[in-house]
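A.B. asks: my questions are about this predicted structure, shown below with the sequence.
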Amino acid sequence: MNILVSACLLGAYCRFDGQLIEDERVTALAEKHTLIPVCPELYGGLPTPRLPGEKWDGRVYDKSGADVTEFYEKGAEAALRFANLTGCKYAVLKARSPSCGVGIVYDGSFSGKLVPGDGVTASLLRQNGITVLTPEQLDELG
């Protein structure tokens, strides 16, 4: 089965802070599945590293206050295209991200507070019938 995966979870250089952090639970999926890495923020035109972004009132703002929603929307559309082209019915995405967050995201205050909601990409994938999960939810893979 093909699974769309946040590239940062595979150790790719695309996290907002430029750190390389591999999630072994996610990379282990490659033993049984084909992983399709995506980074909506890069596909949307944002650099690595970049200022952190958070969702607030339906928009995404970076820490300087700039509205960066269009970059996140463009990246979400690209991720959806890759999912559709490769037949992905599942996506494993980075938790709490304004792009990939599943079920809970930072609240836009840059204070570390979390609120219910999905990131821009997670929401678009879900709206298009793709099951989105975090690494903590891997047992839900069909």
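C.D. replies: Yep, it's here. The structure displayed is predicted, hence computed values, not measured ones.
A.B. asks: quick check: chain neighbours aside, which residue is closest to the spatially most central residue of the chain?
C.D. replies: Nearest residue to the geometric centre of the chain (Cα atoms, centre = their mean): Cys100, 2.3 Å. Residue nearest to Cys100 in three dimensions, not counting chain neighbours: Leu93, with 3.6 Å by Cβ to Cβ, 6 or more residues apart in numbering. The C-beta positions use only the backbone N, C-alpha and C, and glycine is treated the same way.
A.B. asks: give the contact list for the one you found.
C.D. replies: By Cβ atoms under 8 Å, 6 or more residues apart in numbering, the contact set of Leu93 is 4-6, 9, 100-102, 119, 121-122, 125, 132-134.
A.B. asks: ok, Asp62 to Gln137 distance?
C.D. replies: Plainly put, Asp62 is 28 Å away from Gln137 if you go by Cβ to Cβ, to the nearest Å.
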